[in-house]
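In: From the sequence below, what's the structure:
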Amino acid sequence: MISKNTICLWYDGTALDAAKFYADTFPDSTVGAVLRAPGDYPAGKQGDVLTVEFTVMGIPCLGLNGGSAFKHNEAFSFQVATDDQAETDRLWNAIVGNGGQESACGWCKDKWGLSWQITPRVLTAAITDPDRAAAKRAFDAMMGMKKIDIAAIEAALKR
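Out: Numbers count the residues shown, from 1 in each chain. Coordinates of the predicted model:
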C-alpha cells in the first residue's frame, strides 16, 4: 500500500541499487515493490526498472529512474539522529566508504549524490544548550568538523 505522502527521489537508472544500499545500511529500512517499465520511455526501455518503493528508517520513498536531467543537491537531505559515536561512525563510514563524499558539519553525500546529515543527539543538545556560551563553543567545534566527534563536542561544552 502506498503512503499518502511519499518522498520521490530521482535517479539515473540506479534507484534499485540505492534502495538496496539504504535497506542494508539503515535500521527500519526495506525495499518494496519494483515496477518495470511497460514500454520504452525517454530514459529507458521496456522492462527497465522504472520505480522502486522503499523505506529509509520508516520514511516511505519512491525511487524514480527518470534519467540524467536532474541531480540531487543539498536542498534536500536526510537527517539521521545518532545515539553514540559508534552509530555515527558506522553510518558515516557506510555512506562515505561506498563511493560517497564527506562535507562539513556532519553532512555527507552518498554515491548517488543524495545528502545526509549524520547528527549525534549530543550535538543537537549541545548547540541548543541554555548556556549560550557553552552552545557557542559546541557550535564552533562543530564548524571545524566533517564527521561529528562526540567527545570533542562534549569537551567544548565543558570548557
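
In: Need the three-state assignment for the residue sitting nearest the centre point of the chain.
Out: The chain has W116 as the residue nearest its centroid, 3.3 Å off, counting by Cα atoms, centre = their mean. At W116, secondary structure determined by DSSP: H, G, I helix; E, B strand; the rest coil is strand.

In: can you pull the buried residues of stretch 83-94?
Out: Buried positions in stretch 83-94, judged by neighbour count with 16 or more other Cβ atoms under 10 Å: E87, T88, D89, L91, W92, A94. Glycine gets a C-beta too; all of them are placed from N, C-alpha and C.

In: helices and strands around the helix or strand containing the fifth one, which ones?
Out: With elements delineated by DSSP states H and E, W92 resides in helix 85-97, which encompasses its position. Other elements packing on helix 85-97 under the criterion 3 or more Cβ pairs under 8 Å, 6 or more residues apart in numbering; DSSP states H and E are helix 15-25, strand 77-82, strand 107-109, strand 115-120, helix 150-158.

In: JSON lines please, covering these and showing mean pLDDT and distance to A135.
Out: Output for the helices and strands packed on helix 85-97, formatted as JSON lines (pLDDT from 0 to 100; distance: least, Cβ to Cβ, whole Å):
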{"stretch": "helix 15-25", "mean pLDDT": "98", "distance to A135": "31"}
{"stretch": "strand 77-82", "mean pLDDT": "98", "distance to A135": "18"}
{"stretch": "strand 107-109", "mean pLDDT": "98", "distance to A135": "20"}
{"stretch": "strand 115-120", "mean pLDDT": "98", "distance to A135": "15"}
{"stretch": "helix 150-158", "mean pLDDT": "97", "distance to A135": "8"}
